[in-house]
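Asks: Next come a sequence and a model predicted from it.
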Amino acid sequence: QVQLVESGGGLVQAGGSLRLSCSASGRTFSNYAMGWFRQAPGKEREILAAISWSGGSTAYADSVKGRFTISRDNAKNTVYLQMNRLKPEDTAVYYCAGGVAEPYDSWGQGTQVTVSS
């Protein structure tokens, strides 16, 4: 497993942007597929985006496709989530997770994103 720490959350107005970062410790990060999830109060956890170990393959949930972009820098042991055109319904705790294969076995502690209308 690797240790994951998210950062970059905060309060933003609707239509604004944020970039989340997920820093990993451990030598196996470059072997890990990574994903971003979120969970809003009273709702189930939702996968938003995933990226392969090399970064060559990505996938997105319909709810964020065209607005969010996942990327990674294996030299920096970091995965990113660029979030544009944010909406109030994007308000949630955002988590990164990763593993050699799904289900992911490493999870961060989460970072709060709040989008005001």
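Replies: Cool, the structure landed. Numbering: from 1, shown residues only.

Asks: In which helix or strand does the residue nearest the centre of the chain reside?
Replies: Taking CA atoms, centre = their mean, the centroid of the chain lies closest to Trp36, which sits 2.9 Å from it. Under the criterion DSSP states H and E, the helix or strand holding Trp36 is strand 33-39.

Asks: what packs against that strand?
Replies: In terms of contacts (3 or more CB pairs under 8 Å, 6 or more residues apart in numbering; DSSP states H and E), strand 33-39 is packed against strand 18-25, strand 46-51, strand 68-73, strand 78-83, strand 92-99. C-betas here are computed from N, CA, C, even on glycine.

Asks: Pull up the pairing partners for it, direction included.
Replies: strand 46-51 (antiparallel), strand 92-99 (antiparallel) (DSSP bridges).

Asks: so what's the nearest residue to Thr78 once chain neighbours are set aside bridging to?
Replies: Excluding its sequence neighbours, the residue lying closest to Thr78 (CB to CB, 6 or more residues apart in numbering) is Ser23, at 5.2 Å. On the basis of DSSP bridges, Ser23 is bridged to Val5, Thr78.

Asks: For burial, what's the neighbour tally of Ser23?
Replies: By other CB atoms under 10 Å, the residues close to Ser23 number 17.

Asks: hang on, the earlier thing: can I get the helices and strands packed on strand 33-39 in a markdown table including mean pLDDT and distance to Val113?
Replies: Shown next, in a markdown table, are the helices and strands packed on strand 33-39 (pLDDT from 0 to 100; distance: least, CB to CB, whole Å):
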| stretch | mean pLDDT | distance to Val113 |
| --- | --- | --- |
| strand 18-25 | 97 | 6 |
| strand 46-51 | 97 | 11 |
| strand 68-73 | 98 | 11 |
| strand 78-83 | 98 | 8 |
| strand 92-99 | 97 | 5 |
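
Asks: With distance to Leu11 added, can I get those in JSON lines?
Replies: As requested, the helices and strands packed on strand 33-39 are arranged in JSON lines below (distance: least, CB to CB, whole Å):
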{"stretch": "strand 18-25", "distance to Leu11": "9"}
{"stretch": "strand 46-51", "distance to Leu11": "19"}
{"stretch": "strand 68-73", "distance to Leu11": "18"}
{"stretch": "strand 78-83", "distance to Leu11": "13"}
{"stretch": "strand 92-99", "distance to Leu11": "13"}
